[in-house]
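Asker: Here is my input, please return the structure:
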Amino acid sequence: MNIAVYPGTFDPCTNGHLSIIRRTAAVFDRVYVAILNNSGKNPLFTLEERIDYLKRITADIPNVEVECFSGLLIDYVHQKNAQVIIRGLRAVSDFEYEFQMALTNRKLAPDVETLFMATEARYSYLSSSIVKEVAALGGCLDDLVPECIRADIEEKINKMGEL
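Answerer: Reported below is the predicted structural model:
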């Protein structure tokens, strides 16, 4: 069985993330969307919210499982018997960091490959940070995030602005 892991913070998940998930699921038998639970990061959305959002937007993709992990990605990949880590690239600016991480993971686990998947051109500008900023400033999130979680994101950010 060909198994891939697509790791990320997904704070929140965007249409660009969903595109990568769908395209990965078309190539691999099983895809684990692995949400990083990193105490060093301070995400806006709780781990539970991010898990819920990703489960909802991938509910129609039978070979995708959403989980969280902490610690070394490579340990999680081995635990899942995966052979591949998927990393999305939006622009050349993403490549240097992603390449460094791929080489580090290769050093730690020579049996695991990292595959880079270029985003669709229509999402090349899109990031979770941009989504949060647009929402915080009252902008329209149509076509930025999956429709089924858009209202949840707007509501959370509006509540944050009221504090």
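Asker: where along the chain do the helices fall?
Answerer: For the chain, applying DSSP state H gives helices covering 15-25, 47-57, 73-79, 92-108, 128-136, 147-162.
Asker: Which of those comes out lowest on mean pLDDT?
Answerer: Of all the helices of the chain, the minimum mean pLDDT falls on helix 147-162 (a mean of 87).
Asker: Please enumerate residues in contact with that one?
Answerer: The set of residues external to helix 147-162 that reach it, using Cβ atoms under 8 Å, 6 or more residues apart in numbering, is 12-13, 44-45, 49, 53, 56-57, 131-132, 135-136, 141-142, 145. (Each C-beta comes from the backbone N, C-alpha and C, glycine too.)
Asker: between those, which is closest to residue 107?
Answerer: residue 13 (29.5 Å; Cβ to Cβ).
Asker: State the phi and psi torsions of the closest one.
Answerer: phi -70, psi 140 (degrees, to the nearest 10).
Asker: Surely it and residue 54 touch.
Answerer: Yes. At 5.6 Å, residue 13 counts as touching residue 54 under the criterion of Cβ atoms under 8 Å.
Asker: Residue 65 bridge partners, please.
Answerer: residue 32 (DSSP bridges).
Asker: What is the neighbour count of it?
Answerer: 15 (other Cβ atoms under 10 Å).
Asker: for residue 135, same thing?
Answerer: Using other Cβ under 10 Å: residue 135 sits among 24 other residues.
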